[in-house]
Each structure stands twice: as structure tokens, then as C-alpha cells.
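Asks: fold the following for me, if possible:
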Amino acid sequence: MATLGHGCRGAALRFPAALRSVMSLLLLLLLQRVQGTRLYSSEDPLTILTSDTLKETLRNSSAAWLVQFYSSWCGHCIQYSPTWKALAGDVKDWERAIRIGVLDCAYEKNFDICKEFEIHFYPTFRYFKARSNTFDVGKTYRGPDRELQTVRQLMVNFLQNHTKEDWPVGCPQLEPSRSDDVLPLLGQKADQYTGIIIEDEDSYVGREVILDLMVYEGVRVTRVVSTDRALLEKLGVTTVPSAYLLHPNGTHGLMDVQKRLRFFFSSFLKLLPGVHRKQTNSAREPVHAGSRGHGAAEVWKEFDKSKVYMVDLESGLHYLLRVELASHQSLEGEELKTFKDFVTVVAKLLETLLEWLVSLPLERIPYDAILDLVNNKMRISGMYLSDRLQWVGCQGSRPELRGYPCSLWTLFHTLTVQAALRPDALANTGLEEDPLAVLQTMRRYIGTFFGCQECGRHFEEMAKESLSQVRSLDQALSQVRSLDQATLWLWRKHNQVNNRLAGALSEDPRFPKTQWPTPDLCPACHEERDGLHVWNEERVLAFLKLHYGAANISPKYASSASGPEPGGAGEPQPPQSQGGAPPDSPDRPARATPPPPTTAPPPRSSRRRGGQGRGARGCARRRGRGSASWG
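Replies: Numbers count the residues shown, from 1 in each chain. Purely as a prediction, here's the structure:
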């Protein structure tokens, strides 16, 4: 059987060729023995198959499969593994229709199954149809093009090759709709949105958007082809691809996206009010918007997702100091050092605590003494930490969702940005001029104090870029050589965590986890290259510095807030949304594009104590309902 491209051949080597490459082979085998077969791990968004699971997984599967048979000693497979992981992440939401798997033929236990499936070259890519009850070695992709976009489009073609009888159970209709199907829907009320992608007949954008949204409810997506001129004229479409949206209340119009690309269409639809990921566990409780928490009802707080809220930072510190640290009767040794460094980094939020802790001539500190200071029982300052947990930007639809983990991420992002904007902030602390100060402090805090040990283990594993190059998190962090790189490093890792947790039970259906910032917040951050979404990291850095800058931290809802909300009388007004649409309105707010990352930090005289400041400039204003989750 032919295979994808010219990979490594698994058949017996001829003696001269084997002799010439014996040293390279021995080195590769030695490297494999040291590292283990870690081209793919449980952290990757794909299924690792073995001889024990392959047949059972493929037999009568509700979804189709694309499986890569590879060899962990094959240099080509090693080079291709990042592309395969990127493909799996790109089509993660398609798994009810088609799933991505891998099987290592170099693993001794898999020798027989690879022989049975007639695998002669590495990598070999095989498609397996859904709902098949007979043994099938699969269909091998024979083309020379191994690019991600090509393979993704072939996945679409393979799905459409299914018949009605073997159609994947969860796969939506991919054929285009006709005018007769669409026109009667205009002006009609419905219980969900309908997104219509208008495109050329050979375009894949519409089918990919349909598959992107298949795990979401509250919206249905269909496609029509541009040859239907009467329909295009009725909808007012002059260029393709375009997207048209029918609202549940009967209104309709063209979708307002900055770029007519798959990622922008899909992100727009996922962020519509009332649209959320389908729940896979029927035992989960329904989402109630009116009240949250145990006991007394708490009124939902409207918020602007382009803002960072001081109350989230305060509540996060409240939980950290009063709950997580309370599990330690005393702090000494490495625990005490970790806590001292943590307080040093957050000095701008707890200056009094820092001065007291650093000057304390003790080798052992009772936790009760820390709690007394936090509660201001020592009466050494008029500053104290709020004794009430309340979330705003980090509030969840149920009390166990979002909250503290979201606030901790927010705190660490704020600190990396503040360190980048104010390189002198840690002067005379022993941490100055260290681009890793915030990241190492965060890592040590998570490992020492964070209550979720499994979360800490995932963070350590996720942070290792590649075991073939990085053996530890220390080595991964050593690649960060500037404060700007530290800011972007944390942003990348947070998006990796969001990708891993999307669809998990810990995901809030009201705030689906997605890649952030979303296109409505920063359209210039998103680009497309060879059909794959890519980040413009220069623009991302500029956005992060604006979003987590002091001027964008709102004191609204904070217990210590006084005076007018940022943007009040006597202060510069932030850009206003065009139309000021409420959260459930079909109208979309105006978006703003951040400038390139040449923005200088605001002068010290304009910074308020505690990070409070004026309204952010350059951030789109969008309320919290229907927002994606960044925590």
C-alpha cells in the first residue's frame, strides 16, 4: 500500500543501507530509551491507540477516524508530530464526526497489529469509516501534500463519502441548502440562531464552520453556494465567503466580522448570547442566571469583558491568604521563601504585608500571625483586605465554576504585564532584572500552596515544550529571556490549558473556554496562514499590555472603591460602542484594534495605588453574557 509522502520505510533494510545508518539508528534507539515514546502524550488533543484498543475503538464507532501509524524512531515522524498535534487541536470540536488517533509501530507490543494492518511506511495515515462492523485496514491517503489544510479538507471529503447508512451519528449535514430551505426562515421567530455561510461551491469554509459548531447548542449552521444568485440578491451578499445570521427574535442581517475567515465566523457564532457547548453529562445541573451560591441569592453582576476588575484580584488574594494558606500550620524553609517571593511580586497590592514580612526577624511564622495582619488586627495601617469573596469578571453560572482559578490567572497575567511595563518595579528586592521572576514565583506558588495537586501536575507537564528538547519546566522557562517574552509565555500556556479543558465538566457552559483574546476583542491578533489560524504575537503583546495595564483595572464593585467609575467627570472618556447594544441584542459593539507594541507605560503620577486607573483605550467594549472564558 502507498502512503502519505516519502516517510520512513518499515520493511527489512538491505544490509549496506543498514550498515551505513547503524550508528544513527543506535543513537535514535538510545534517545528513545532515555525519553520514552513521548512524541504524543495524554496532554495532546488526540487518542493514543495500542494493539489492545485499536480494533475495539474502530469497530462500530459512532465517529469516523483518521489514524497516524508512526514509528517513534522515524526522524520524519518526529519532525511531523507538531503538525499532527496542531491538526488535532484545530479539529478538536469535530470529534463527534471524526477523531484523530496515533499508534506507535516502534513499540514492541504493537508490532503484530501494525503487520496486520499492512503498515510498511512511516508515517502512514489511514481513514476509517464510522459504524463499521467488519474488519477494515482503512483507506490510505496517497497524496504528496502533508500540509495541515490539505489533510483537514480531506477529512471533510472523507466524511461526505459516508452513505446515509454509515453516516457518523453526531455529524451534521454538510451539503449546501437551497433557496427553498432558507428563504422561508427569514423574519420567522425560532428557538435558536441560524448562521448561513455563503461561499463558492469548492470552498471548504462553510463545511468547516458547520463542524466547528456541531458541539454547540443554541445555533444551527448551514451553507449555500454562490451560484444561487436569487438568494444572494435577497440577502444582499456581494462578496463570498460571507455569513448571514437569523436571530431567534426574527431579525436578520449580515454577520459583522472583521475578516471573512473560518476562525472569525466560528468565533462570532460561539460568542452569541445563549450559545454554549453541549453538555456531555446529563447529571449536570441547569444553568440559572438569576442567583448563585449556597444560601442567600447573589445578584448577577453585569460586567465588561474588556476590563479587568479589582474585585476579582482582591477576592483571589482573600481566598489565597485565608483559605489555601490556612492548610499550613506554619511556614518555614522553602515554603516560607516561596511565600516571601510571592508577596514581593504582588507588593503593589499588599505593600504593608510585604514590609512587615520582609523585616520580620523570624525563621518560622505562624499562619495565625499572617491572618491577623490580613485582617488588620495589628492596626498598623488603614489598608486591609476585603473579607468577602465576590467575583465579577470571574463569576460563574454556578458557585463551583470559575471564581478563584480565574482570579489567580488574572493576577498572574496582571503581574507579568506590570513587570514588562515597569521594569523597575522589583528594584532592591533581589528579583530585579530577572525576566523569570513572576513565572518562577507563580510556578513555586502553584506547586507549594495551590490546593488542586492534579492541576499543578498538569501545569508542570503542559509547560514542557517538548521532551526531546526540554527535560524540565526549568529548561522551558530558561528560554524566556525578556519581560515581554514572559508575558507571552504565560498567555500561550493559558491558551493551552483552555484548549485542554474545553468541554470538560469544569467548563462553565455560559463561558465556554476558547482561545483568547477572541476576535471581537482583538481582530488584529488573528491571522490565517495556509488555511490555519495563527496569532500575530506582536499585536497580542500590545493587547495584553493594554488589557492588564493599570488604566484598564476597574474599581467597580470593589469594597474599597470610592469616587466615580473610570471615565467619570473630569477623566478622559474611553471609546464608546456604536449603539451601546445590551448583551442580548443582535447588534454587535464596535471593535478597536490595539496599536503595535510601542506603547510606553503611563507616567507614575497617573497610576493609582492598588492598580486602579482610568478606562482602557483601544479595548472593545462587550458585556459578559455569551463571553468566552479566560479563566
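Asks: drop to CA atoms for contacts and neighbour counts, all remaining ones
Replies: OK.
Asks: next SSE downstream of the host helix or strand of residue 181?
Replies: Taking DSSP states H and E as the definition, one finds residue 181 inside helix 179-182. Heading C-terminal from helix 179-182, the first helix or strand you meet, by DSSP H and E, is strand 193-199.
Asks: let me see the residues that make contact with the helix holding residue 181.
Replies: 228, 230, 231 (C-alpha atoms under 8 Å, 6 or more residues apart in numbering).
Asks: can you give me the buried ones in it?
Replies: Under the neighbour-count criterion of 16 or more other C-alpha atoms under 10 Å, helix 179-182 has residue 179 buried.
Asks: now swap in stretch 531-544 and tell me
Replies: So for stretch 531-544, counting by 16+ other C-alpha under 10 Å, buried means 531, 532, 539, 540, 541, 542, 543, 544.
Asks: that one: end-to-end distance?
Replies: 26 Å (C-alpha to C-alpha, to the nearest Å).
Asks: and residue 395, how far is that from residue 510?
Replies: 10 Å.
Asks: please flag which of the buried residues of stretch 531-544 sit within helices.
Replies: 539, 540, 541, 542, 543, 544 (DSSP state H).
Asks: switch these over to CSV; also include pLDDT and distance to residue 334.
Replies: Listed next are those as CSV, based on pLDDT from 0 to 100; distance: C-alpha to C-alpha, whole Å:
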residue, pLDDT, distance to residue 334
539, 96, 38
540, 97, 35
541, 96, 33
542, 96, 36
543, 96, 36
544, 95, 32
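Asks: can I get the residues you listed in CSV with distance to residue 88?
Replies: Putting these into CSV (distance: C-alpha to C-alpha, whole Å) gives the following:
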residue, distance to residue 88
539, 26
540, 24
541, 26
542, 29
543, 27
544, 27
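Asks: host element of residue 341?
Replies: helix 333-345.
Asks: related to what we said a few turns ago, quick one: mean pLDDT for the helix holding residue 181?
Replies: Mean pLDDT, helix 179-182: 92.
Asks: got the CA coordinates for it in CSV?
Replies: Extracted in CSV, the C-alpha atoms of helix 179-182 (Å, rounded to 0.1, in the frame of the first residue of the first chain):
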residue,chain,number,x,y,z
SER,A,179,-33.2,28.8,-1.6
ASP,A,180,-36.4,27.0,-0.8
ASP,A,181,-34.9,25.9,2.5
VAL,A,182,-33.6,29.3,3.5
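Asks: now the residue nearest to residue 228 when sequence neighbours are not counted: how far from residue 234?
Replies: Using C-alpha to C-alpha, 6 or more residues apart in numbering and skipping the chain neighbours, the partner closest in space to residue 228 is residue 179 (7.4 Å). Residue 179 sits 10 Å away from residue 234, taking C-alpha to C-alpha as the criterion.
Asks: next one: residue 300
Replies: Residue 300 is 41 Å from residue 234, where distance means C-alpha to C-alpha.
Asks: these two: which is more packed in?
Replies: Between residue 300 and residue 234, residue 300 has the larger neighbour count (other C-alpha atoms under 10 Å), namely 15 against 10.
Asks: tell me the SS of the more buried one?
Replies: Following DSSP: H, G, I helix; E, B strand; the rest coil, residue 300 is assigned to coil.
Asks: make 686 the starting number, not 1.
Replies: In the new count, where the first residue is 686, that last one comes out as residue 985.
Asks: poorly predicted segments of the stretch 1036-1185 of the chain, please.
Replies: Low-confidence segments of the stretch 1036-1185 of the chain (pLDDT under 70): 1036-1073, 1110-1119, 1134-1136, 1138-1141, 1143-1164.
Asks: 90 instead?
Replies: Applying pLDDT under 90 to the stretch 1036-1185 of the chain flags the ranges 1036-1076, 1081-1090, 1092-1094, 1096-1097, 1099-1168, 1171, 1178, 1181-1185.
Asks: tell me how many other residues crowd residue 918.
Replies: So residue 918, with other C-alpha under 10 Å, has 10 neighbours.
Asks: what's the burial count for residue 1180?
Replies: A count of nearby residues for residue 1180, using other C-alpha under 10 Å, gives 18.
Asks: now it. Nearest residue, chain neighbours left out?
Replies: residue 1200 (5.6 Å).
Asks: and stretch 787-801, average pLDDT?
Replies: 93.
Asks: one more: stretch 772-779?
Replies: In this model, stretch 772-779 carries a mean pLDDT of 94.
Asks: which residues does it contact?
Replies: For stretch 772-779, using C-alpha under 8 Å, 6+ apart, the contacting residues are 729-731, 784-785, 833, 837, 896-900, 1184.
Asks: residues near the residue nearest to residue 833 when sequence neighbours are not counted, how many?
Replies: Nearest non-adjacent residue to residue 833, counting by C-alpha to C-alpha, 6+ apart: residue 772, 6.0 Å away. Residues within reach of residue 772, counting by other C-alpha under 10 Å, total 20.
Asks: how close does residue 772 sit to residue 834?
Replies: Residue 772 is 8 Å from residue 834, by C-alpha to C-alpha.
Asks: now residue 1176
Replies: Counting by C-alpha to C-alpha, the gap from residue 1176 to residue 834 is 25 Å.
Asks: got phi/psi on the residue lying closest to residue 768 once chain neighbours are set aside?
Replies: Nearest residue to residue 768, sequence neighbours excluded (C-alpha to C-alpha, 6+ apart): residue 833, at 6.7 Å. The phi/psi pair for residue 833 (degrees, to the nearest 10) reads phi -60, psi -50.
Asks: would you confirm that residue 833 contacts residue 1217?
Replies: Yes - Residue 833 lies in contact with residue 1217 (C-alpha atoms under 8 Å); the separation is 7.5 Å.
Asks: measure residue 1075 to residue 1103 for me?
Replies: 24 Å.
Asks: ignore what I typed, I meant residue 1180.
Replies: To residue 1103, residue 1180 is 20 Å away according to C-alpha to C-alpha.
Asks: state the three-state secondary structure for residue 1131.
Replies: What three-state DSSP gives for residue 1131 is helix.
Asks: neighbours around it, how many?
Replies: 19.
Asks: let me know the helix or strand that residue 1091 is in.
Replies: For residue 1091, the host element (DSSP H and E) is helix 1089-1106.
Asks: which strands or helices does that helix pack on?
Replies: When contacts are defined as 3 or more C-alpha pairs under 8 Å, 6 or more residues apart in numbering; DSSP states H and E, helix 1089-1106 packs onto helix 995-1004, helix 1122-1133, helix 1168-1186, helix 1222-1232.
Asks: which of those sits most buried?
Replies: Burial of those is given as mean neighbour count (mean count of other C-alpha atoms under 10 Å); helix 995-1004 ranks first at a mean of 24.
Asks: next SSE downstream of that helix?
Replies: Heading C-terminal from helix 995-1004 (DSSP H and E), you reach strand 1015-1016.
Asks: partner strands of that following strand, with direction?
Replies: Using DSSP bridges, the strands paired with strand 1015-1016 in its sheet are strand 1050-1051 (antiparallel).
Asks: hang on, the earlier thing: got the helices and strands packed on helix 1089-1106 as CSV, with distance to residue 927 columns?
Replies: Formatted as CSV, the helices and strands packed on helix 1089-1106 follow (distance: least, C-alpha to C-alpha, whole Å):
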stretch, distance to residue 927
helix 995-1004, 39
helix 1122-1133, 42
helix 1168-1186, 27
helix 1222-1232, 25
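Asks: could I get the buried residue list for stretch 740-759?
Replies: Those would be 743-759, for stretch 740-759 by 16+ other C-alpha under 10 Å.
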